[in-house]
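1. just need the structure, nothing else, for what follows:
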Amino acid sequence: MTKKIIKNGIVIDGNGGTPRKNAVVVVENNRIEYAGAESDYTSTGEEQVIDAQGGTILPGIIDSHVHMMMEFSPIAARLETPFSFMYYQAAKYLKSTLHAGITSVRDALGTDLGVKKAVEEGLIAGPRLQLSINALTITGGHGDGYTVSGNTVDLLPSGYPGMPNGKCDGVNEVRKKTREMLRAGAEVIKVHATGGVLSATDHPEFTQFSLEELKAIVEEGRFRKGVKVMAHAQGAEGIKNAVKAGIHSIEHGIFLDDEAIELMLKNGTFLVPTLLAPVAVLETAKETGMPDTAVQQSKEVIEQHKASIAKAYKAGVKIAMGTDAGVMKHGTNLRELGLMADIGMTPMETIVASTKTAAECLGWDDRVGTLEEGKLADIIVVKGNPLENIYSLSDNNNVQIVMKNGEVEKNIF
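-> Numbers count the residues shown, from 1 in each chain. Purely as a prediction, here's the structure:
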């Protein structure tokens with residue numbers, strides 16, 4: 001395969017250091033061969049030149065919290081949609097995500113092994129996927145689609161081949177359910193440790209699963225396959241239980257208190273803020289048929305959410321970018337960087353959170369997240385310098401080139 005040289009742009013390598021001018025990134029096959037000063041690379045003249053046209057060359061962005069099989073829609077629309085249609089919708093969502101500059105994602109429930117296989121084998125375009133299969137949830141908790149009418153209307157179907165239902169109660173059941181997720185191909189276990197904004201019958205501060213149940217989930221992942229656990233955790237007590245149990249990452253973290261932050265620092269727990277999620281609920285409520293409970297709860301938590309993430313950031317908690325895409329439209333993910341900047345992070349820190357730290361959160365830092373020799377060639381070129389205007393990344397037209405595994409997936413030059 002012909003080597004590729006990406007040149008004529010500012011290089012931000014994901015490590016947080018000073019951006020480099022007059023630098024190049026050289027790709028051979030699906031790997032980065034060289035990233036550094038152009039003057040230190042000897043060209044053969046045979047390489048394919050990709051001109052960044054004065055833009056910025058970055059690692060592919062990583063979203064640590066997405067739902068690739070859905071975009072929130074009214075209940076009536078869900079009831080009228082044939083089961084298999086969601087796979088064709090997902091193909092569109094995956095392509096939109098990739099073209100937004102996101103080359104890797106951690107799917108936080110709903111995507112099965114067949115979708116991952118289809119992406120890996122090139123049947124459909126999409127980012128590299130890390131799967132949780134389905135989330136573990138208690139009866140009556142976040143993720144239980146039971147409604148006050150007595151009917152159950154889940155956001156996504158489950159219980160079909162490759163997608164176990166996630167409902168479980170008690171230590172024995174959570175052990176078995178974790179094993180079912182691992183058997184179905186889970187690379188990370190997802191658990192709902194608290195209620196949530198979209199819950200019809202609980203509240204974001206409600207604690208779900210006991211400490212003993214959470215420890216059992218962590219043990220099953222660790223001892224059977226070395227798989228880590230991510231926890232939807234919004235209320236303080238649920239967050240603290242999750243961290244004490246050894247859970248790897250806290251998703252959302254709306255009601256963090258000082259004790260929770262101290263525990264996270266002590267244990268090296270990652271925080272995935274998803275600041276965009278409640279914002280999107282309020283913005284799209286009418287269009288998507290968001291239930292009134294979700295709108296009201298979003299209004300209640302949105303300022304608290306910002307304050308909690310700001311406090312955690314100032315304390316030094318490890319922050320990995322994640323959006324909860326699927327609650328909002330796929331492809332709008334990079335709005336999250338602007339929201340992280342709004343709570344006090346520098347533009348460079350938001351980029352590191354979306355590349356290097358996110359790769360560490362996924363356990364993929366040996367292969368993606370930075371522009372370094374030997375890593376997979378996941379590279380994007382964006383218009384201008386995002387350090388001068390981080391909000392510019394929210395416009396997908398400013399993401400001009402997307403390369404994944406050394407193959408150019410998008411080029412709008």
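
2. longest helix in the protein, by residue count?
-> Secondary structure of the chain read by DSSP state H shows that its longest helix is helix 292-315.

3. list the buried ones in that helix?
-> 293-295, 297-298, 300-302, 305-306, 308-313 (16 or more other Cβ atoms under 10 Å). In this view, the C-beta of every residue, glycine as well, is placed from N, C-alpha and C.

4. same deal with stretch 80-88?
-> So stretch 80-88, judged by 16+ other Cβ under 10 Å, has buried residues residue 86.

5. and if you look at stretch 231-246?
-> 231-243, 245-246.

6. can you give me the end-to-end span of it?
-> 10 Å (Cα to Cα, to the nearest Å).

7. check contacts around residue 305.
-> Listed by Cβ atoms under 8 Å, 6 or more residues apart in numbering, the contact set of residue 305 reads 252, 253, 254, 273, 275, 278.

8. the first one and residue 304: what is the separation?
-> So the one you mean is residue 252. Using Cβ to Cβ, to the nearest Å, we find residue 252 at a distance of 11 Å from residue 304.

9. for residue 254, grab phi and psi.
-> Residue 254 adopts backbone torsions of phi -70, psi -40, taken as degrees, to the nearest 10.

10. surely it is in contact with residue 232?
-> No - judged on Cβ atoms under 8 Å, residue 254 makes no contact with residue 232 at a distance of 10.5 Å.

11. okay, now the unreliable bits of this structure?
-> The model of the chain has pLDDT under 70 over residues 1, 199-201.

12. how's it carved up into domains?
-> 4-60+370-411, 61-362 (automatic domain parsing).

13. mind checking how far the longest one is from the chain centre?
-> Once both centres are worked out by Cα atoms, centre = their mean, to the nearest Å, domain 61-362 turns out to sit 8 Å from its chain's centre.

14. ends of that domain, how far apart?
-> 13 Å.

15. likewise the shortest one?
-> One end of domain 4-60+370-411 to the other measures 14 Å (Cα to Cα).

16. okay, the contacts of residue 305 in TSV with neighbour count, secondary structure and distance to residue 38 next?
-> What follows is those, written out as TSV (neighbours: other Cβ atoms under 10 Å; DSSP: H, G, I helix; E, B strand; the rest coil; distance: Cβ to Cβ, whole Å):
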residue	neighbour count	secondary structure	distance to residue 38
252	30	strand	43
253	28	coil	42
254	29	coil	46
273	33	coil	37
275	25	coil	37
278	28	helix	44
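
17. of all pairs in these, which one is the farthest apart?
-> The most widely separated members of these are 253 and 278, with 12.2 Å between them, by Cβ to Cβ.

18. do a quick rundown of the helices in the stretch 51-200 of the chain.
-> Taking DSSP state H, counting those that start in this stretch as the test, the helices found in the stretch 51-200 of the chain are 75-79, 85-99, 113-120, 171-183.

19. relative to residue 196, which of the ones you listed is closest?
-> So among these, helix 75-79 is nearest, using Cβ to Cβ, at 17.2 Å.

20. which helices and strands does that closest one pack with?
-> Using 3 or more Cβ pairs under 8 Å, 6 or more residues apart in numbering; DSSP states H and E as the contact test, no helix or strand touches helix 75-79.

21. contact partners of it?
-> 153, 155, 289.
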